[in-house]
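**Q** got a structure for you, letters missing:
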C-alpha cells in the first residue's frame, strides 16, 4: 500500500521515528506473515510530506493483515492525528507486479 502524509510543522522527527526502519509501524506490521518492509520517502517542497510504501510477499498476505488488524491500523492513524503529528493521510493505492516466481502484491 502506498500512503501520503502531510505532517504538522515541527513534528517531522516524531513522524520519522514512527515510520523509520525498525520504527513503530514496521514493528507492528512485522507481526503479520508475508510482510517484507516499509519505506518512507520525504517529498520535496515547503511542507513536510511523505509517501510510505509497504511491501508484502503476496496479495493474500496483505489482505489477511488488513482484515485481521484493521481496527489496530485505524487506531494508529487516529493516534498520529490526535498527537498533532499528521494533518492529512491519504491512501494512494495498492500496486501489483507479476514476478518470475509468483504473481502477487509487491506494494501492499
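**A** Good, I have the coordinates. All figures in this text were calculated on a predicted structure; none of them were measured in a lab.
**Q** which parts of stretch 71-81 are buried?
**A** For stretch 71-81, burial by neighbour count (16 or more other Cβ atoms under 10 Å) applies to residue 80. To be clear about C-beta, it is placed using only N, CA and C from the backbone, and glycine gets the same treatment.
**Q** sorry, that was for stretch 89-99
**A** Buried, per 16+ other Cβ under 10 Å, within stretch 89-99: residue 94.
**Q** chain center to it: distance?
**A** Here stretch 89-99 is found 11 Å from its chain centre; the criterion is Cα atoms, centre = their mean, to the nearest Å.
**Q** quick one: mean pLDDT for it?
**A** If you average the pLDDT over stretch 89-99, you get 78.
**Q** need the helix or strand of this structure with the lowest average pLDDT.
**A** strand 103-107 (a mean of 49; mean pLDDT, DSSP states H and E).
**Q** in the protein, where is pLDDT below threshold?
**A** 97-108 (pLDDT under 70).
**Q** how about the strands in it?
**A** In the chain, the strands defined using DSSP state E lie at 2-7, 35-43, 49-56, 86-93, 95-98, 103-107.
**Q** need the ones you listed in a markdown table (columns: distance to residue 62).
**A** What follows is the strands of the chain, written out as a markdown table (distance: least, Cβ to Cβ, whole Å):
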| stretch | distance to residue 62 |
| --- | --- |
| strand 2-7 | 12 |
| strand 35-43 | 8 |
| strand 49-56 | 4 |
| strand 86-93 | 12 |
| strand 95-98 | 10 |
| strand 103-107 | 5 |
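**Q** ok, which of the ones you listed comes nearest residue 70?
**A** Residue 70 lies closest to strand 86-93 among those, at 12.7 Å (Cβ to Cβ).
**Q** can you give the strand pairings for the closest one, parallel or anti for each?
**A** Here strand 86-93 has these sheet partners by DSSP bridges: strand 2-7 (antiparallel).
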